[in-house]
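Asker: whatever this is, show me its structure:
(2 chains)
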Amino acid sequence: MVSEPGVAAERAAHVELVRVSKRFGRARALDGVSLSVAHGSIHALVGENGAGKSTLGKIVAGEYIADEGELLLNGTPVSLHSPRAALEYGIATIAQEPSIVPHLSVAENVLLGAEPSGGGFVRRRALARSYDALAESVGFDLPGSLLAGRLRIAEQQQVEILRALSRDAQLIIMDEPSAALTGPDSAKLHRVIRQLADGGKTVLLISHFLREVLDLAAKVTVLRDGRLIATSDTSGATEASLVEAMLGRPLTAAFPRKQPPRADAPVVLSVRSLTAPGVVDASLDVRAGEVVGLAGLVGAGRTELARAIFGTSRATAGEAVHEGRRLGHSPRRSLRAGVAMIPESRTDEGLIMMRSVLENVSLARLGSLCRAGLVRRGAEREAAGRVLARCDVRGGGRAAAVRTLSGGNQQKVLFARTLLCEPSVVLADEPTRGVDVGAKRAIYDLLAALAGEGLGVLLISSELEEIIGLSHRVLVMRGGRIVAELTGDELTERAILTAAFADTQHVETVA
Amino acid sequence: MSRETGHDTHGQLAARAALSGWRRVDADRVRSLGILLPFIALFITLSVTSSAFLTKVNLLDILEQQSGTLIVAAAGTLVLVAGGLDLSVGAVYSLATVTSGHFAQSTPAWVAIVLGIGVGSLVGLANGLVVTVLRINALITTLAMSFVVGGIAALATGGNIITLFNKPGFGALTQTEFIGVKTSIWVMLIPVLGLALLLSRAKAGRYIYAVGGNARAARLAGVRVDATRTMTFVLSGTAAGLAGVIDTSRVLSASASTQDTNTLAFTVLAGIVVGGTSILGGDGAVWRTIVGILFIALIGNGYILLGLNVLYQQITLGVLLIVAVSLDVWTRRRRE
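Answerer: Numbering: from 1, shown residues only, chains lettered A, B, ... in the order given. This next block holds a predicted model:
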């Protein structure tokens, strides 16, 4: 609807990637991906979380350097060492969260660092003139004198786009630009993206929203596990066909057998109409011995729900109840009540990286390992040793700093800490992120074993096979709400993705 | 998408951890030896070059002069490890001096001692509450507090010196000899060893490391982050109060000297940092601080014994600080 393939084919492609690969440690983020983006087109990249979309975008943007392969701009090989170098070639990125200076005006933000000046002073009138000319050239109606901090996110994105254009950007990479936007704002953004393409700019659009992709882009590339699955015209694609293409990877790890919870198993965690930052009116039950999966896209409110239950963020309405006691006051009280959380990021919120394995494991249970305020080190070693052995932590000694361990073993240290608290409910947020296959299996076994012992587990994961392989029941979140509950035969990747990807605006009007 | 980026970063971290595991161990060892080796070298050098240095009188003199500083620095180490900073200790010291001096004139010695220390605890509590409840940066809070407290101390004395030469009971706190060592040193040793034990062995110490190392993680592990931080400020204020009382008792006079107000905070900070406790929190030890403070004291003592201009001491101290902080930053970078 935007590009004219016939015209673009005559010139060299604007950007061409040839067998590009990128590794992060042992993880292969991109594996021999080839891609060609035509001038003046909107080209979309889709794939599950972790499929390599962002990595690809960042290689084009100069943020990452490919390990292998070539990057061609207008048919000429280039090497981009930094975003600044990319900008010199006319490539700019618009981040999901715009970076603006809130106390400066729109025009000042757009021309930040390139202000027309004389004698060290900014020439304000010249600045206003160049801004107006620029905004008019792409058809944006955003007054330059507004304070940037007052703008909505969609408008801040416009500021970023204008900033890129003022540096003469020809290729604009947008990484999940609409993820943080509400309905009318994303419609506005869509208009902006179309205007850009109409004006001859090329847009590389990374998006989770398949509807958006189909509406805007001329071509769509599907990535899975760092590999290119297909590039096709959007005219021949449907949401269903894209989901199809994103699915179907072989199981990389087998899962332990699911033991169904006992029929009379009591409810150990009960959430009623909980509303908190990022969560709207969520209700759920977790029974003893049950693994309840919480699926959804990034930003759908899964982590926020877990945090509100655990008491890291404050609920504004509703409640979470565990054995008759209300939760959500503070992590400390939740832990005492028997609810533990494995946080999403072990480096930011989980471990004290400089301290020893031993200290990290015992931290949440120190109170019971002390006499007269002093840590009973024998008791501490004994207790920590027990849970560490159960979690199969390898590498280093107990005295080694946690940072020297591999990601998988660090995650197991977090599990060991959790076990030591002897909880009856565990909230596990992305427990296998950044973990190698072997450690993944160990963590799956642990989660299954915990459920087998009668704990209730709320499992958040962006890996569908993991959610399906471990959960007895899956709740799908979208836009802060729980929008679907799937059990038994309904529990398929397809059903989860369909619920998670369904057009947000559409569902809200229905509900 | 931020998720995906996070994924990558973890992968990178894990990979780098696996690759450079053993180089990091080296960096840690360098850091541990970083203060001990220079200290021992300086000690030996002074013993050889100056006949007056390695005598019981000189060494005990150093300890006695440093007794107040050592207490404040030991407590200050806890503040820094918890991720804070206390610049108000000099002013608190001054206020405690004036308070205990004032009350020693009219009340029993123990009352003056308790009040002097108590004033310090109160200011420490105020610091802690402002930092944790109002969420104001510790540097700004304690700097502002030092102006307030220093001002109060100066107002209270009206610029006069309180003399206590007729109050030997108050002097007995520090000037009595016990096993050939003055009680000022004993009175210093008890809190310093107590604080060392607290940081290295007690539950509270573990919490201090956790809070300074990763406050968010500590909170999720059920640690009362604000209470822990506040406690370190209370300990620091109390220590400054005790130091003020000890020095008042040693010299039996008290005045609100701006000199003390200004220098103590920085001497203490210098000692902690030279000792190798990280200014970024989460890492450090009381023994390091003790060695750091004594190292600085040895330099001063040495320059006097060797008849060098005292100003060289300042220059040396400045250079030392930069070296110590560079070493800290270098070892941290090695780890990441």
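Asker: hey, let's count contacts and neighbours off CA atoms from now on
Answerer: Will do.
Asker: pLDDT weak spots in the chain?
Answerer: Using chain A. Applying pLDDT under 70 to chain A flags the ranges A:1-11, A:25-27, A:49-50, A:96-97, A:179-184, A:247-254, A:395-396, A:436-438, A:503-511.
Asker: that's the other chain; I wanted chain B
Answerer: By pLDDT under 70, the low-scoring segments of chain B are B:1-33, B:258-261, B:332-336.
Asker: show me where it has its helices.
Answerer: Shown for chain B, the helices assigned by DSSP state H span residues B:2-49, B:56-81, B:89-106, B:109-132, B:138-157, B:168-175, B:183-201, B:203-213, B:215-220, B:225-251, B:258-275, B:286-305, B:311-335.
Asker: so which of those is nearest A:Leu369?
Answerer: Ranking the helices of chain B by proximity to A:Leu369 (Cα to Cα) places helix B:203-213 first, at 8.8 Å.
Asker: what lies in contact with that closest one?
Answerer: By Cα atoms under 8 Å, 6 or more residues apart in numbering or on different chains, the residues outside helix B:203-213 that reach it are A:352-355, A:359, A:363, A:366-367, A:370, A:373-375, B:78, B:80-84, B:198-200, B:217-219, B:223, B:225, B:228-229, B:280-283.
Asker: sorry, back to before: mean neighbour count added to the helices of chain B, as JSON lines?
Answerer: Shown next, in JSON lines, are the helices of chain B (neighbours: other Cα atoms under 10 Å in any protein chain shown):
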{"stretch": "helix B:2-49", "mean neighbour count": "16"}
{"stretch": "helix B:56-81", "mean neighbour count": "24"}
{"stretch": "helix B:89-106", "mean neighbour count": "30"}
{"stretch": "helix B:109-132", "mean neighbour count": "23"}
{"stretch": "helix B:138-157", "mean neighbour count": "19"}
{"stretch": "helix B:168-175", "mean neighbour count": "19"}
{"stretch": "helix B:183-201", "mean neighbour count": "19"}
{"stretch": "helix B:203-213", "mean neighbour count": "26"}
{"stretch": "helix B:215-220", "mean neighbour count": "24"}
{"stretch": "helix B:225-251", "mean neighbour count": "27"}
{"stretch": "helix B:258-275", "mean neighbour count": "22"}
{"stretch": "helix B:286-305", "mean neighbour count": "22"}
{"stretch": "helix B:311-335", "mean neighbour count": "16"}
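Asker: spatially central residue for chain B, please.
Answerer: Nearest to the mean C-alpha position of chain B, counting by Cα atoms, centre = their mean, stands B:Ala73 at 1.4 Å.
Asker: state the distance from the nearest residue to B:Leu164 once chain neighbours are set aside to B:Ile246.
Answerer: Nearest in space to B:Leu164, with sequence neighbours left out and distances taken as Cα to Cα, 6 or more residues apart in numbering or on different chains, is B:Leu252 at 4.9 Å. According to Cα to Cα, to the nearest Å, B:Leu252 and B:Ile246 sit 10 Å apart.
Asker: with B:Leu164 instead?
Answerer: In this structure, B:Leu164 and B:Ile246 are 13 Å apart, going by Cα to Cα.
Asker: returning to that earlier point: the residue nearest to the centre of chain B reaches B:Leu269, doesn't it?
Answerer: Yes: using Cα atoms under 8 Å, B:Ala73 is in contact with B:Leu269, at 7.2 Å.
Asker: so what's B:Glu177 up against?
Answerer: Taking Cα under 8 Å, 6+ apart, one finds B:Thr183 in contact with B:Glu177.
Asker: sorry, wrong one. I was asking about B:Ile35.
Answerer: Counting by Cα under 8 Å, 6+ apart, B:Ile35 has contacts B:274-276, B:288, B:291-292.
Asker: return the distance of it relative to B:Ile322.
Answerer: 13 Å.
Asker: A:Gly397: which element?
Answerer: A:Gly397 belongs to no helix or strand when assigned by DSSP states H and E.
Asker: still on that earlier bit, correct me, but the residue nearest to B:Leu164 touches B:Ala172?
Answerer: No: the pair B:Leu252 / B:Ala172 is not scored as a contact, 10.1 Å apart, by Cα under 8 Å.
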